[in-house]
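[1] Give the three-dimensional model of this entry:
(one chain, ligands or ions: 1)
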Amino acid sequence: MDAAVVISGAGLWRPEHRITNEELVASYNAWVDRYNAQHAAAIAAGTLEAKPHSSAEFIEKASGIRSRYIYVKDGTLEVERMRPRIPHRGEDALSHQAEMALNAARIALANAHKSPSDIDMVIVSCAYTERAYPAIAIEVQHALGIAGFGFDMLVACSAATFALQRASDALKAGSARGVLVINPELTSPQVNYCDRDSHFIFGDVATAMVLERAETCTAPHGYTVLGSRAMTLYSSNIRSNFGYVAHAEDTEPFGPENLFHQNGRRVFKEVCPMAADHLEAQVAAVGLAVPDIRRWWLHQANINMNQLITRRLLGRDASPDEAPIVLDEFANTASAGSIIAFCLHHEDLVAGDHGVICSFGAGYSIGSLVVRKR
Ligand code: CO8
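    Next up is the predicted model:
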């Protein structure tokens, strides 16, 4: 029989700065007014389309987002800049993402009643890493004084769930005693704040989880992993093309086509049924049925998506207690969304309660873990 693996601690770190929809829209609309004024002649001649305003009401209705955290607010709302002004750190300083990762990791370790000496594998898994190497995970491992190994993983929105599956498999196989999975989602540098379709979508945050074998777990809120599944299906509907080859292609690495962009409508239509089918199959695979699930910690990209998926699964609307939404405060935080929902809403479950952590997004990718409170 497989050794039982437990999620024994979770940590959530919020940046100190926030941007509300109203602030974001005021900045975008001022930028649009300036753009339209600068191109007034072409717009009047019909050779260029005037850009329309964004609206806070649209954003909340279409997505459920009311505000987002941002690692550095300075610069982001300035019409002349429209991107964060993140101070450069030299090679001797702790990197931005390592700092975010450490903030979340320390909370997860404390909640798991573990110290760095109990950990021997560190996975930093998120939508982007700020450099190729040395891995952010190895920097975090060094800062915490962990003996063992670390590596980075990129799977966009499913980075956290896919890493949790890697962690669970390593613990079952005996190649690790304790694993830290950390998701420092520094999304803001890849957001095109001049794009009306996507300027509102993302927020920055860091989450972390500690996983260990059941026999070492002493934490008060441990969750046994009953099963996990990762699946991918290629799609170009969500893309971020920025990359190192631009240096040799002689292309602008950070042009609009290389920042985040998507066909949101198609993503919505294609991913919702896939996610619902995946969840139903995954719950059945561990011998449970949908009504046995006490809580759904779902990916947080869009409130309407989550409502559609849970309605398909349950045959009725899910209550906020059954499927918590954190989008209003956090926006879409790439892979961290379902982990934030877990961090904020897992201590009230009682022994024997079942829950599902699930992500869905770019790739396409879907990842899920069915868990039971100890
Ligand atoms: N303000 C006012 N009106 C707007 C705005 C705006 N900001 N934007 C669009 N509109 C208008 C459109 O022009 C359109 O007008 P009309 O009907 O006259 O043509 C109307 O509103 C409707 O537009 P859409 O059809 O585009 O709007 P939707 O209702 O589809 O909502 C959403 C747009 C919210 C984007 C929605 O489609 C959605 O959320 N889809 C799911 C997308 C999703 O889940 N994507 C996952 C992306 S995240 C991911 O995979 C991880 C990436 C890694 C992190 C990246 C970090 C940068």
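
[2] which non-adjacent residue is nearest Glu60?
    Once flanking residues are discounted, Glu60 sits nearest to Arg66: 5.7 Å by Cβ to Cβ, 6 or more residues apart in numbering. Heads up, the C-betas are built off the backbone N, CA and C, glycines and all.

[3] Enumerate every residue touching that neighbour.
    Contacts here follow Cβ atoms under 8 Å, 6 or more residues apart in numbering; on that basis Arg66 touches Thr20, Asn21, Glu60, Asp328, Glu329.

[4] Would you confirm that the third one contacts Glu22?
    No: using Cβ atoms under 8 Å, Glu60 makes no contact with Glu22, being 10.3 Å away.

[5] These two: which is more packed in?
    Remark: of Glu60 and Glu22, Glu60 carries more neighbours, 17 against 12, as counted by other Cβ atoms under 10 Å.

[6] quick one, phi psi at the more buried one?
    Backbone torsions of Glu60, given as degrees, to the nearest 10, read phi -70, psi -40.

[7] Check Ser359 too.
    Main-chain torsions, Ser359, degrees, to the nearest 10: phi -120, psi 150.

[8] ok, the contacts of Arg66 vs the ligand, which is closest?
    Nearest to the ligand out of the contacts of Arg66 is Asn21 (Cβ to the nearest ligand atom; 9.4 Å).

[9] Name the residues that touch whichever strand or helix holds Glu23?
    For Glu23, the host element (DSSP states H and E) is helix 21-38. Helix 21-38 has contacts (Cβ under 8 Å, 6+ apart) with 43, 50-56, 59-60, 65-67, 76-79, 82, 193-194, 196, 199-200.

[10] so Met274 touches Gly363, yeah?
    No: contact criterion Cβ under 8 Å: Met274 and Gly363 do not qualify, at 10.9 Å.

[11] Name all residues that sit in contact with these two at the same time.
    The contact sets of Met274 and Gly363 overlap at Leu233 (Cβ under 8 Å, 6+ apart).

[12] Give me the pLDDT for Pro256.
    With respect to pLDDT, Pro256 scores 88.

[13] Give me the neighbour count for the closest residue to it other than its chain neighbours.
    Spatial nearest neighbour of Pro256, excluding adjacent residues (Cβ to Cβ, 6+ apart): Asn192 at 5.7 Å. Residue neighbour count, defined by other Cβ under 10 Å, stands at 19 for Asn192.

[14] show me the residues around Asn192 that make contact.
    Contacts for Asn192 (Cβ under 8 Å, 6+ apart) come out as Ser198, His199, Pro256, Leu259, Phe260, His261.

[15] Relative to Val124, which of those residues is nearest.
    Closest approach to Val124 among these (Cβ to Cβ): Phe260, at 19.9 Å.

[16] ok, that closest one touching Phe202?
    Yes: counting by Cβ under 8 Å, Phe202 is a contact partner of Phe260 at 7.3 Å.

[17] okay, and the common contacts of those two?
    By the contact definition Cβ under 8 Å, 6+ apart, Phe260 and Phe202 are jointly contacted by Thr187, Gln190, Val191.

[18] The first one: how many residues sit nearby?
    Okay, so that is Thr187. 25.

[19] What are the phi and psi values at it?
    According to degrees, to the nearest 10, Thr187 has phi -90, psi -30.

[20] ok, now Arg81?
    The phi/psi pair for Arg81 (degrees, to the nearest 10) is phi -120, psi -60.

[21] residue contacts, it?
    By Cβ under 8 Å, 6+ apart, Arg81 lies in contact with Gly75.

[22] How much space separates it from Met305?
    32 Å (Cβ to Cβ, to the nearest Å).

[23] in the helix ranked longest in the chain, what counts as buried?
    The single longest helix within the chain, with elements called by DSSP state H, is helix 264-285. Neighbour counts using 16 or more other Cβ atoms under 10 Å place Gly264, Val267, Phe268, Val271, Cys272, Ala275, Ala276, His278, Leu279, Gln282, Val283 of helix 264-285 among the buried residues.

[24] what pLDDT does Asp2 get?
    Reported pLDDT for Asp2: 56.

[25] for this structure, what helix or strand is lowest in average pLDDT?
    Every helix and strand of the chain was ranked by mean pLDDT, DSSP states H and E. The lowest is helix 246-249, at a mean of 92.

[26] Whatever helix or strand comes next after it - contacts with which helices or strands?
    Later in the chain than helix 246-249, the nearest helix or strand by DSSP H and E is strand 261-262. Under the contact criterion of 3 or more Cβ pairs under 8 Å, 6 or more residues apart in numbering; DSSP states H and E, strand 261-262 touches strand 238-239.

[27] who does the strand it packs on pair up with?
    Sheet pairing of strand 238-239 (DSSP bridges) gives strand 261-262 (antiparallel).
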